[in-house]
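Enquirer: sequence plus predicted model, see below.
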Amino acid sequence: MSTTAEIKIDGQTYEFPVITGTEGEKAIDISKLRDLTGHITLDFGYKNTGSTKSAITFLDGEQGILKYRGYPIEELAEKASFLEVAYLLIYGELPSAETLEKFQKDISMHTLIHEDMKKFFDGYPSKSHPMAQLSSLVCSLSTFYPESLEANQSDEEKDLTIIKMLAKMTTIVAFIYKKSLGHPLIYPKNKYDYITNYLWMTFGQRTEDFEPNPVVVSAMNKLLILHADHEQNCSTSTVRIVGSSDCNLYASISAGISALWGPLHGGANQAVIEMLEKIKADGGDTDKWIAKAKDKNDPFRMMGFGHRVYKNFDPRAKIIKKACDDILESLGINDPVLEIAKKLEQAALTDQYFIDRKLYPNVDFYSGIIYRALGFPSEMFTVLFALGRLPGWIAQWKEMRSNKEPIGRPRQIYVGDVDKHM
Ligand code: CMC
């Protein structure tokens, strides 16, 4: 097996090392390319570019495999709690029962946000998008915890910042939702676990104690685990690149939240439900909408289909599709858009356009139907994606800092005017 690759430029041959990952992936290490040849590589959308070596998540898009720290996503979604997975991603190993208890307790001790932050919620227009609020509120955490600005935090200080980030995210996400309804805010309770506490702040009433439906808790747990990391996607790469300038965790995560918001990334879950509603209102003719998605002169895209790396079924979508059926059945909900989704999926999977391009349903295709069944408005869907993705972003930020990676700074090929003068 070759351990070097050759590049020939202007008759001269240069050798570059070929490196192999633990799951057999191969890369040509071109770190010295410019020094040796004076050339750079050009790769729009980084379709062929590895930005780092990472030990967090493995993804094989051809085989439809996803593992966190070596554990298959199917096993984690079935057997683990979201906090266990968060710990696994951030610290590299599943926690013992004792460690998990301490992790949960540490988080519970930090779920309150500073009372002054509540004024920010009052300042946003009532119908403003929750992702805009989330991004700015998370960045604002850095103003309340200035110690996080210190680039060379000790491991203990870094861990405390991480705990605060995990803890305050649930409160911020729940407060955004409550504010959107014009309801009074519900404060966290330390006796609840991570997910129950979040559900309490979201759906609980001030005067009553809260008995969450176990079906809802289990669905939230599964959804958050499935979203927890996905290696170097758009938002995660953003977190790493912002963090690479020694920027603090809160601001780096805030940048990731903005990147996630777009409908080609995490915003797709909101876009899918809106698309399904539109198709339903239009009479439910899925063939018509498939034809629109295939028409290059029509800007319409089949939201929730296709993926940069999965050229096979997204393993998360398989789990979510099953969970969706189970949840609707347990909650006794008959959602007509589910029928449209299934018809659309069937039609697309047998259509040559989708087959040729290996376009399969992705994680966002069914998740919105579950979130809707749980009682969330569509504008909250991407916020819930962010809540799930948080441990992944943190783990990636932490890994990048521990590896002392250099500042992210791509190059370009200039194609503008030359030698102009005033
Ligand atoms: N509907 C119709 N055609 C599509 C779709 C789609 N959803 N996705 C890709 N294609 C076509 C595209 O037009 C192109 O065709 P051609 O080769 O004839 O020009 C071909 O498939 C390749 O697409 P691409 O845009 O070059 O692929 P990409 O890797 O740059 O984009 C994607 C990946 C996810 C942005 C894209 O598939 C898409 O826009 N999907 C819909 C949005 C969506 O569901 N996003 C959520 C992704 S999963 C959550 C996450 O992890 O972010």
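Expert: Done, it's in.

Enquirer: surely Y124 and Q133 touch.
Expert: Yes. Assessed by C-beta atoms under 8 Å, Y124 is found in contact with Q133 at 5.4 Å. C-betas here are computed from N, CA, C, even on glycine.

Enquirer: out of those two, name the residue with the larger neighbour count.
Expert: Shown here are Y124 and Q133; by other C-beta atoms under 10 Å, Q133 has more neighbours (23 against 17).

Enquirer: the more buried one against Y177, yeah?
Expert: No. Counting by C-beta under 8 Å, Q133 does not reach Y177; the two are 10.1 Å apart.

Enquirer: what is in contact with those two at once?
Expert: Residues touching both Q133 and Y177 (C-beta atoms under 8 Å, 6 or more residues apart in numbering): there are none.

Enquirer: how many neighbouring residues does the one residue in the chain that gets nearest to the ligand have?
Expert: In the chain, the residue that lies nearest the ligand is G306 (2.3 Å; C-beta to the nearest ligand atom). If you count neighbours by other C-beta under 10 Å, G306 ends up with 21.

Enquirer: roughly how far does it sit from A293?
Expert: 10 Å (C-beta to C-beta, to the nearest Å).

Enquirer: so how far is stretch 368-387 off the chain centroid?
Expert: On the basis of C-alpha atoms, centre = their mean, to the nearest Å, the separation between the geometric centre of stretch 368-387 and that of its chain is 13 Å.

Enquirer: any idea how far M1 is from A347?
Expert: Distance of A347 to M1, computed by C-beta to C-beta: 43 Å.

Enquirer: S96 now?
Expert: Noted for S96: a distance of 39 Å to M1, by C-beta to C-beta.

Enquirer: neighbour count winner among these two?
Expert: Neighbours were counted for S96 and for M1 using other C-beta under 10 Å; S96 has more, 9 against 5.

Enquirer: so F300 belongs to a helix, correct?
Expert: No. Assessed with DSSP: H, G, I helix; E, B strand; the rest coil, F300 is coil; it does not lie in a helix.

Enquirer: max-length strand in the chain?
Expert: Secondary structure of the chain per DSSP state E: the longest strand is strand 12-20.

Enquirer: how far off centre is the next helix or strand after that one?
Expert: Going down the chain from strand 12-20, the next helix or strand is strand 26-28, by DSSP states H and E. What separates the centre of strand 26-28 from the centre of its chain is 26 Å, taken as C-alpha atoms, centre = their mean.

Enquirer: one more: stretch 273-291?
Expert: 27 Å.

Enquirer: repeat that for stretch 254-268.
Expert: Relative to the chain's own centre, stretch 254-268 is displaced by 8 Å; criterion: C-alpha atoms, centre = their mean.

Enquirer: residues from the stretch 101-250 of the chain in reach of the ligand?
Expert: Neighbours of the ligand within the stretch 101-250 of the chain, by C-beta under 6 Å from any ligand atom: H230, N233.

Enquirer: cool, and the stretch 301-422 of the chain?
Expert: 301-308, 357, 359, 362-364.

Enquirer: where does pLDDT dip in the chain?
Expert: The model of the chain has pLDDT under 70 over residues 206-208.

Enquirer: T202 - nearest residue in space that isn't next to it in sequence?
Expert: Closest residue in space to T202, ignoring its immediate chain neighbours: A174 at 4.6 Å, by C-beta to C-beta, 6 or more residues apart in numbering.

Enquirer: could you do F58 as well?
Expert: Setting aside the residues directly before and after it, F58 is nearest to K67 in space (C-beta to C-beta, 6+ apart), at 4.6 Å.

Enquirer: in the sheet, which strands lie alongside the helix or strand where the one you found lies, parallel or antiparallel?
Expert: Assigned by DSSP H and E, K67 falls within strand 65-68. Within its sheet, strand 65-68 is paired with strand 57-60 (antiparallel), strand 71-72 (antiparallel), according to DSSP bridges.

Enquirer: export it as CSV, just CAs?
Expert: Output of strand 65-68 as CSV, limited to C-alpha atoms (Å, rounded to 0.1, in the frame of the first residue of the first chain):
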residue,chain,number,x,y,z
ILE,A,65,-22.0,4.3,9.4
LEU,A,66,-21.8,6.8,12.3
LYS,A,67,-19.8,6.2,15.5
TYR,A,68,-19.1,8.5,18.4
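
Enquirer: touching the ligand at all, that strand?
Expert: No. Using C-beta under 6 Å from any ligand atom, strand 65-68 stays clear of the ligand, with a minimum separation of 10.9 Å.

Enquirer: contacts for that strand next, please.
Expert: By C-beta under 8 Å, 6+ apart, the surrounding residues in contact with strand 65-68 are 56-59, 72-73, 76, 85, 88-89, 228-230, 315-316.

Enquirer: can you do 6 Å?
Expert: Contacts to strand 65-68, defined as C-beta atoms under 6 Å, 6 or more residues apart in numbering, come from residues T57, F58, L59, I73, L89, D229, P315.
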